[in-house]
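Engineer: using only what follows, build the 3D model:
(one chain, ligands or ions: 1)
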Amino acid sequence: MLELKSLYSGYKSAIILKDINISIKDSESILLIGRNGAGKTTLLRTILGLNKVIDGSIYFYGKNINKLKPYERVRLGLGYVPQGRKLFPYLTVKENLFTAKNAFTAKKHTIFPNFYDYFDYILSLFPSLIGLLNKTAGSLSGGEQQLVSLARALLTNPKILLLDEPFEGIQPSIVQLILKVLYEIRERFRISFVIVEHRLELIWELIDRVYVIDNGSILKEAAKTDTNIGEVLEYIYI
Ligand SMILES: Nc1ncnc2c1ncn2[C@@H]1O[C@H](COP(=O)(O)OP(=O)(O)OP(=O)(O)O)[C@@H](O)[C@H]1O
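Structural biologist: Residues are numbered from 1 along each chain as shown. Okay, here's the model as predicted:
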């Protein structure tokens, strides 16, 4: 489904990611771990097109998407829940959620052909957002904003969802709600996840493979069922 081949990327001032090779099959999910500044966020941003590919390729269902703009990638099926939510603070919650509409209609949803039916379904997963629809996103708490960010990404109808530290600074009841939603959408729509998270106990059931990123390169990788998985997970403590 998603393949990164000898990928180099970074910022104008520096090459951060070096020779990244990752391959994700349909309905498979991965965890990215690594110390602060290792390049995890840069990797998610590069997959989404927010950082330019310097060398190498990104394939999505066999199509090279290197040159596509972020909105075009979202229309193909890449969803993103960025670190720090990145909502439009002066737009209402409803307006933030409706920014997903064009990406939704760009492709067929297997169960919900109509955006408004799908919108009602997604809202039913986040009942606490119903009373907040007309509030500005910037006036919400951090946890509520994270729910809006996740709901917005889901409304684009992603085939793969990139989640950058989705539980950072979130209270336990909202952490549990986010997990419940992720389990439900995985069961129902078989979507894949790329998760950056250091609290293994939260996401262990959701993932199939772990990659350790260090200084912009992949240092180790293992499937959950591999015998060396314990050795790979030790890097979470570094
Ligand atoms: N806008 C930028 N311009 C230049 N360098 C940047 C920029 N943003 C990040 N970097 C650098 O890129 C490197 C990787 O940062 P990145 O945010 O991808 O790491 P990370 O693994 O996600 O870290 P964390 O766990 O702290 O979120 C760091 O050295 C960082 O300083």
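Engineer: tell me the spacing between Leu43 and Leu161.
Structural biologist: 15 Å (C-beta to C-beta, to the nearest Å). Using the backbone N, CA and C atoms, a C-beta is placed for each residue, glycine as well.
Engineer: and Leu132, its phi and psi?
Structural biologist: phi -110, psi 0 (degrees, to the nearest 10).
Engineer: before we move on, back to that, more neighbours: Leu43 and Leu161, which one.
Structural biologist: Higher neighbour count among Leu43 and Leu161: Leu43, with 28 against 24, using other C-beta atoms under 10 Å.
Engineer: can you tell me which residues in the protein are near the ligand?
Structural biologist: Tyr11, Ser13, Ala14, Ile16, Gly34, Asn36, Gly37, Ala38, Gly39, Lys40, Thr41, Thr42 (C-beta under 6 Å from any ligand atom).
Engineer: include distance to Leu182 and pLDDT when you put these into TSV, please.
Structural biologist: Converted to TSV, the residues of the chain next to the ligand look like this (distance: C-beta to C-beta, whole Å; pLDDT from 0 to 100):
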residue	distance to Leu182	pLDDT
Tyr11	30	91
Ser13	35	77
Ala14	33	90
Ile16	28	95
Gly34	21	92
Asn36	24	90
Gly37	26	91
Ala38	24	92
Gly39	24	95
Lys40	18	95
Thr41	19	96
Thr42	23	96
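Engineer: which two of those residues have the greatest separation?
Structural biologist: Ser13 and Gly34 (20.6 Å; C-beta to C-beta).
Engineer: returning to that earlier point: what's the closest of the residues of the chain next to the ligand to Phe112?
Structural biologist: Of the residues of the chain next to the ligand, the one sitting nearest to Phe112 (C-beta to C-beta) turns out to be Thr41, at 30.9 Å.
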